[in-house]
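Colleague: have a look; sequence and predicted model below, questions after that.
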Number of protein chains: 2
Amino acid sequence: MRKHLDKAVDRNNINETGLFQILVGHLDGTPINLHNSMFVPTLQTQADKEQQRQWLHRAQNLEIIGTYAQTELGHGTMLRRLETTATFDKASDSFILTPPPPPPATKWWPGNLAKVSNYAIVAAQLCIDGKSYGPHTFLVQLRCENTHKALPGVDVGDIGPKFGINSVDNGYLRLHHVKIPRRNMMMAYAKVEKDGTYVKPIHSKLSYGAMVHVRANMITQQATFLAMCATICTRYSCVRHQGQINPKEAEVQVLDYQTQQHRLFPQIARAFAFFFTGNYIKKLYCRVVDDIKSGNADLLPELHALTSGLKALVTHQTGLGIEQCRMACGGHGYSEASGIPIQYCQAIGGATYEGENMVMLLQTARFLIKATAKVRAGQKPTGKSQVDYLFKNGPRHCRIDQTVVTVDAPNTGPIIECFEHMARRLTMKAYDRLQLAKHSGRADYDAWNDCAVDLTKASRAHTRLFLAKIFVETVKDVTDFGVANVLSDIMNLYLMYELTDCSQHLLEDGFINGQQLSYVQKAVYKLLEKIRPNAVSIVDSWAFDDRQLKSVLGRRDGNVYEHMLEWAKFSELNKTDVIPAFDKYLGPMMKENRAKAKI
Amino acid sequence: MRKHLDKAVDRNNINETGLFQILVGHLDGTPINLHNSMFVPTLQTQADKEQQRQWLHRAQNLEIIGTYAQTELGHGTMLRRLETTATFDKASDSFILTPPPPPPATKWWPGNLAKVSNYAIVAAQLCIDGKSYGPHTFLVQLRCENTHKALPGVDVGDIGPKFGINSVDNGYLRLHHVKIPRRNMMMAYAKVEKDGTYVKPIHSKLSYGAMVHVRANMITQQATFLAMCATICTRYSCVRHQGQINPKEAEVQVLDYQTQQHRLFPQIARAFAFFFTGNYIKKLYCRVVDDIKSGNADLLPELHALTSGLKALVTHQTGLGIEQCRMACGGHGYSEASGIPIQYCQAIGGATYEGENMVMLLQTARFLIKATAKVRAGQKPTGKSQVDYLFKNGPRHCRIDQTVVTVDAPNTGPIIECFEHMARRLTMKAYDRLQLAKHSGRADYDAWNDCAVDLTKASRAHTRLFLAKIFVETVKDVTDFGVANVLSDIMNLYLMYELTDCSQHLLEDGFINGQQLSYVQKAVYKLLEKIRPNAVSIVDSWAFDDRQLKSVLGRRDGNVYEHMLEWAKFSELNKTDVIPAFDKYLGPMMKENRAKAKI
């Protein structure tokens, strides 16, 4: 498969100098994925100065390759229950790492762990004098720097094929009484002293900053996946002629079908929404980090709630969107030549890694419920928070009419009000159901579980509101007249489409009525028509080149069919005209059947 | 990958006798897939008696292997535009098959075409004396029966890797002036005589019976995919303990989380709905075939409309459902060890093959719009059709109240009324919009395209109604008390869940109100709770064995973790401790970087 892709790209006449980029671009992962995204950042944030002097330079310089081993076969979400232990041995000033015998304690999933890394940051339960201090992180050497052989006591290997990201060697790891120096524990915050004294970290929240950072980056990554697939599909929808609208005329570009526009253009709009929000969140993250440095971690819970909700919603909608793009390419979307299957398998991994989506939504909900308690206690909004709208009353009925949803210059105010109303109402509803359950005698945790689905709905609504607001704010700041015009169309489509997509929650309390909704629906159809002539230019504005898209269907030059034929010729099966299975199985079988028939 | 799976299964101690089933079970396709599903049936239905004597027995006896080559690189949906031609040559009493030079005319996609088949039914434009008679089917020998080499003029090969179904050798085919006897044209209906006279088929509708048959079977196939994945997820959700509901107690089975039940149980319910409807449709198909034999093709358009809509809705919901099952397995769902990725990639192909889903929905819509024209013309229902509800008025408001949606014995009448109302209203709405567009001067075909998205909504609603009705009818006929009880719960969940899933369309005209909908929503939560204790037994009732599921997570014995470790050991990457890439790239790179650092 990989070879197949390599050859396909070779045909694009790419010269030697670009080889590394191509190789990396081809794969859905590299040998140093986790080294860059987790190993080095952990050393930067969790190692103390002396430890950094010892390891950071070596890591950054690629003298060693490392990864981050946290989840176990039986433990992902619930970090507190990790089973690998690091027991302090005062006599030798060391930790002894070991998992208990049953399989669930085996480290499982870390990327680049199986074959590439010679070091790993390992999360393990810290034990001193028989007392457990919870999970901490330790630098463990896994393989000899010279021979690369696994060190004694280190049982490490590959976990087998996956849905996607098969270029990355996700691994398992069992450490059997592996001894490491005491100073291999990451000691920027928590510490263990020579005599076994445990020193607590100053601030318990600091440790989850890294998680927030990874999730913030994921939004932009997911936007990129979706944008690439939307580009492929948009271009191909102009190459592909199929069927007639007017039976007397020639076959039309499939992009002329309303159904095609309706499954494709909202994906373009969502990709923009995710890009804008990704940028915003990264800036917000930097501000929060600066705040924390000056001792103020106030915004961290809010940022955590936002990134959790966004991670869940964005990965979900990206997955759905990519598949819509693939299916909108018809049969050829199903071929690897479309370049979309590999993108789907990689992107959808994001719905699971870095926090399972349901867990993520419930984290956001916890923040919303806390804020709602303040609302109900009659407190005032801070004026600076993304949940300030919960404190407002807002209009009782939606202000949308035909003048609001004109295609050219809709009034975004009443539309944002809809999202606000929805998020507020669903949050209040979940809060009230939660209180009711508690008052009826359910324990807090049972009440929470009883209301969990309603709580996830509130989180999604909150996240949708945020995405909509950021889109509107971003477009307001665009000064180039032409860009602003086109971008407004996309924004309007985004707002109207999302509104119809979640209209149930606006209809059920009568906030919006059927008539108003039909204005919105009609505006969606009008916008599809309006965007149609600009669609190719819009996706071209993302400026993905053919190497990035790796798609025969999405080629910039549009010469799809001849290159499909070319591409197919590189199939492994085409190495011989007659496959070995003919001589071995099929030939003898048919021959025997013919002989029998003659008797 | 295949080897990997083989080994994994070997470990389950399956004896030799089961080997063929296992091999076949492993693959997402076999060398005789198309032979059985398309080649033989075509000979049965489109060859005349004499032709059958010549070929059918040889095909059924596997003396030859055939496939069905219709779609071309540039032509799928629009059969009339196929470019391969079969030109009658009177002098030699033959047809000469050839495509025009440009690549789009190349046959593309037929399964088992690339390497396995030595014969194919080829669809080509019939040309006699310079006149085209549209697409007809021809038997063409592709490969020598003895050597299996491609015959002169036959350019045939593999089209390369796909999203799934990679066990099947989908192929391309270009025939360069290949001459076949006149009698190789399928002549059960249309005929070409020796002198070039063309004889038209008696009944134009007969040719699409086969398509209807394939789509009818797809419903059961899709149900099986979904049921298998729901089985895997349900079993694993009881093996997996993660997190606490009560913080003082042990970690719980993840199936105890409401969010987990809410993503999983509706998939179980949908699988049942699809099984029941699949059975119903297959019976209906047999009845229609009998009718046709006695000269009555009245029911064929209705069956065609039903199967088209079902094909689209069922493949779409199955795809979504499988992915929900996979993601509900957390990280391990992403591993091939879950067995779910391969099922998804195979099942979702169904959204594209045998008629692209949007095209399918619009076919259903065409039937609905014709029926609506009769309604508007004041005609009476026939009393026998699945669209009779369009002629009824129905209540103006939904009759759901708390007594209707009791969890134990809900009254299905008012619920079915909701589905009827929705289907009727969306169909009428699309019809009226269509008329309005025409009256405003739009050509029929433009009006149709303007309303296409609304038309697909009507088709989905019609199909949802049908699925709901069949579920209710099926459960009514169950006589075993215990089975009826459990099945009623599933049916109720199905009805209530679907109702909330499409509630927007019931809310927007005020048919249902928010209060009524909240009763339905609460019933969903209650039903999740009620089904929870029976969930494993319910999926076990499908009686999939471990060989069929091919899933470490879904093992019947529940010994998941130890077998995950076992399974991983068979990874190709684990053949050596140190991979060749270390000596070639990673080792030298790190060594060089270390040497530089010392300078």
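Modeller: Looks like it came in fine. Residues are numbered from 1 along each chain as shown, chains lettered A, B, ... in the order given.

Colleague: what ranges in the stretch 1-150 of chain A fall below the confidence cut-off?
Modeller: A:1-27 (pLDDT under 70).

Colleague: enumerate the residues of the stretch 301-450 of chain A near chain B.
Modeller: A:319, A:323, A:326-327, A:330-331, A:333-337, A:341, A:345, A:348-349, A:351-353, A:356-358, A:362, A:443, A:445-446, A:448-450 (CB under 8 Å from any CB of the partner chain). (Each C-beta comes from the backbone N, C-alpha and C, glycine too.)

Colleague: are any of those buried, and which?
Modeller: By the neighbour-count criterion of 16 or more other CB atoms under 10 Å in any protein chain shown, those include these buried positions: A:319, A:323, A:326-327, A:330-331, A:333-337, A:341, A:345, A:348-349, A:351-353, A:356-358, A:362, A:448-450.

Colleague: give the contact list for A:C418.
Modeller: A:C398, A:I400, A:L499, A:L506, A:F511, A:I512 (CB atoms under 8 Å, 6 or more residues apart in numbering or on different chains).

Colleague: same check on A:K392?
Modeller: A:P381, A:E420, A:R424.

Colleague: give the buried subset of those residues as a PyMOL selection command.
Modeller: With 16+ other CB under 10 Å as the criterion, this PyMOL line picks the buried residues out of the contacts of A:K392:
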select buried, chain A and resi 420+424
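
Colleague: from the contacts of A:K392, which is closest to chain B?
Modeller: Within the contacts of A:K392, the smallest distance to chain B is 15.5 Å, found for A:R424 (CB to the nearest CB).

Colleague: returning to that earlier point: pipe the contacts of A:K392 into JSON lines and attach pLDDT per row.
Modeller: Output for the contacts of A:K392, formatted as JSON lines (pLDDT from 0 to 100):
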{"residue": "A:P381", "pLDDT": "91"}
{"residue": "A:E420", "pLDDT": "98"}
{"residue": "A:R424", "pLDDT": "98"}
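
Colleague: tell me which stretches of the stretch 351-500 of chain A form strands.
Modeller: Along the stretch 351-500 of chain A, no segments are classed as strands by DSSP state E, counting those that start in this stretch.

Colleague: cool, chain A as well?
Modeller: For chain A, applying DSSP state E gives strands covering A:66-69, A:85-89, A:94-98, A:107-108, A:119-128, A:131-141, A:154-158, A:171-175, A:178-181, A:191-192, A:198-199.

Colleague: name the single longest helix found in chain A.
Modeller: Across chain A, the longest stretch assigned as helix under DSSP state H is helix A:258-293.

Colleague: for that helix, which helices and strands make contact with it?
Modeller: Using 3 or more CB pairs under 8 Å, 6 or more residues apart in numbering or on different chains; DSSP states H and E, the elements in contact with helix A:258-293 are helix A:209-239, helix A:300-328, helix A:452-476, helix A:481-501, helix A:514-531, helix A:535-540, helix B:357-376, helix B:452-476.

Colleague: let's go with 7 Å and repeat that
Modeller: When contacts are defined as 3 or more CB pairs under 7 Å, 6 or more residues apart in numbering or on different chains; DSSP states H and E, helix A:258-293 sits against helix A:209-239, helix A:300-328, helix A:452-476, helix A:481-501, helix A:514-531, helix A:535-540, helix B:452-476.

Colleague: my guess is A:T277 meets A:V472, correct?
Modeller: No: distance between A:T277 and A:V472: 11.6 Å, which falls outside the contact criterion (CB atoms under 7 Å).

Colleague: these two: who's more crowded?
Modeller: The neighbour comparison of A:T277 against A:V472 (other CB atoms under 10 Å in any protein chain shown) goes to A:T277, with 25 against 18.

Colleague: ok, the residue nearest to the spatial centre of chain A - contacts?
Modeller: Nearest residue to the geometric centre of chain A (CA atoms, centre = their mean): A:G350, 3.5 Å. By CB atoms under 7 Å, 6 or more residues apart in numbering or on different chains, the residues touching A:G350 are A:M218, A:Q222, A:T315.

Colleague: grab the nearest non-local neighbour of it.
Modeller: Distances taken as CB to CB, 6 or more residues apart in numbering or on different chains place A:T315 nearest to A:G350, at 4.2 Å, with adjacent residues excluded.

Colleague: that neighbour and A:Y344: what is the separation?
Modeller: Between A:T315 and A:Y344 the computed distance is 12 Å (CB to CB, to the nearest Å).

Colleague: and those two? Which one has more around it.
Modeller: The neighbour count for A:T315 versus A:Y344, taken as other CB under 10 Å, is higher for A:T315 (29 against 24).

Colleague: hang on, isn't the more buried one packed against A:Q221?
Modeller: No: taking contacts as CB under 7 Å, A:T315 lies outside contact range of A:Q221: 9.5 Å.

Colleague: run a quick neighbour tally on the residue in the stretch 1-150 of chain A that chain B sits nearest to.
Modeller: Closest to chain B within the stretch 1-150 of chain A is A:P103: 4.1 Å, counting by CB to the nearest CB. Neighbours of A:P103 under the rule other CB under 10 Å: 20.

Colleague: mind listing what A:A568 touches?
Modeller: With CB under 7 Å, 6+ apart, A:A568 has these contacts: B:G157, B:D158, B:I159, B:G160, B:Y172.

Colleague: and the last one, how many neighbours?
Modeller: Using other CB under 10 Å, B:Y172 has 27 other residues around it.

Colleague: let me know the pLDDT of it.
Modeller: Among the per-residue scores, B:Y172 holds a pLDDT of 97.

Colleague: about what we covered before: quick one: which of the residues of the stretch 301-450 of chain A next to chain B sit in helices?
Modeller: Per DSSP H, the subset of those in helices is A:319, A:323, A:326-327, A:341, A:345, A:348, A:357-358, A:362, A:445-446, A:448-450.

Colleague: chain B contacts on the stretch 51-200 of chain A?
Modeller: A:61-65, A:71, A:73-74, A:76-78, A:81, A:103-104, A:106, A:109, A:114-116, A:148-150, A:157-163, A:169, A:172 (CB under 7 Å from any CB of the partner chain).

Colleague: wait, what's in contact with the closest residue in space to A:M186 that isn't next to it in sequence?
Modeller: Leaving aside its sequence neighbours, A:M186 sits nearest to A:Q46 (CB to CB, 6+ apart; 3.9 Å). Going by CB under 7 Å, 6+ apart, A:Q46 touches A:T137, A:M186, A:A188, A:Y189.
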